[in-house]
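Visitor: predicted model and sequence follow; I will ask about them next.
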Amino acid sequence: MNILVSACLLGINCKYNGENNLQEILKEKVGDFNFIPVCPEQLGGLGTPRQPSERLGDKVLSKCGKDVTDNFTRGANEALDIAKLYGCKYAILKEKSPSCGYGQIYDGTFTGRLIYGNGVTSELLEKNNIKIIGESKLKDFLRERGNNYEEI
């Protein structure tokens, strides 16, 4: 079964600062699961590196004040299309991100303060019945599946 994954969690340097958020356990499980890497921000037309962005209500603004909402929306739609194409029922996404964050995201003030909310992509995927797993829940998610990959 295929699982959509934030590309940065697989070690791809697509994060806003040109780095990644590698989760070693994902690399270890590449042979056991079919991970489909996506970076919604790149899919939406933003380059790497790029200005950091945060969600403020229905808008996404870069640190310099540029409205990048359309890029984030376009990227979310592309990620959803990929998830549908591959029949993904789950998405493992980068927490706190304005696109992939789930449950908590930065508040839009660039002060590091978190608020309850979801990123643009995780919100869209959830509305389309794709279960979101953040990297802090990753080990539990993979452990629960064990060798029973058919149930995913």
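Guide: Ah, there it is. Numbering: from 1, shown residues only.

Visitor: ranges for the helices of this structure?
Guide: In order along the chain, the chain carries the following helices (DSSP state H): 24-28, 40-43, 69-85, 120-127, 138-145.

Visitor: which strands or helices does the shortest one pack on?
Guide: With contacts defined as 3 or more CB pairs under 8 Å, 6 or more residues apart in numbering; DSSP states H and E, the packing partners of helix 40-43 are helix 69-85. From N, CA and C alone the C-beta is placed, and that goes for glycine too.

Visitor: hmm, back to that, distance to residue 15 added to the helices of the chain, as a markdown table?
Guide: As requested, the helices of the chain are exported to a markdown table (distance: least, CB to CB, whole Å):
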| stretch | distance to residue 15 |
| --- | --- |
| helix 24-28 | 15 |
| helix 40-43 | 9 |
| helix 69-85 | 14 |
| helix 120-127 | 15 |
| helix 138-145 | 17 |
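
Visitor: tell me which of those sits most buried.
Guide: Per-stretch averages of neighbours, counted by mean count of other CB atoms under 10 Å, single out helix 40-43 among these, with a mean of 26.

Visitor: what's next to stretch 9-28, contact-wise?
Guide: 5-8, 35, 37, 39, 41-42, 48-53, 92-94, 135, 138-139, 142 (CB atoms under 8 Å, 6 or more residues apart in numbering).

Visitor: among those residues, name the buried ones.
Guide: 5-8, 35, 37, 39, 41-42, 48, 50, 53, 92-94, 135, 138, 142 (16 or more other CB atoms under 10 Å).
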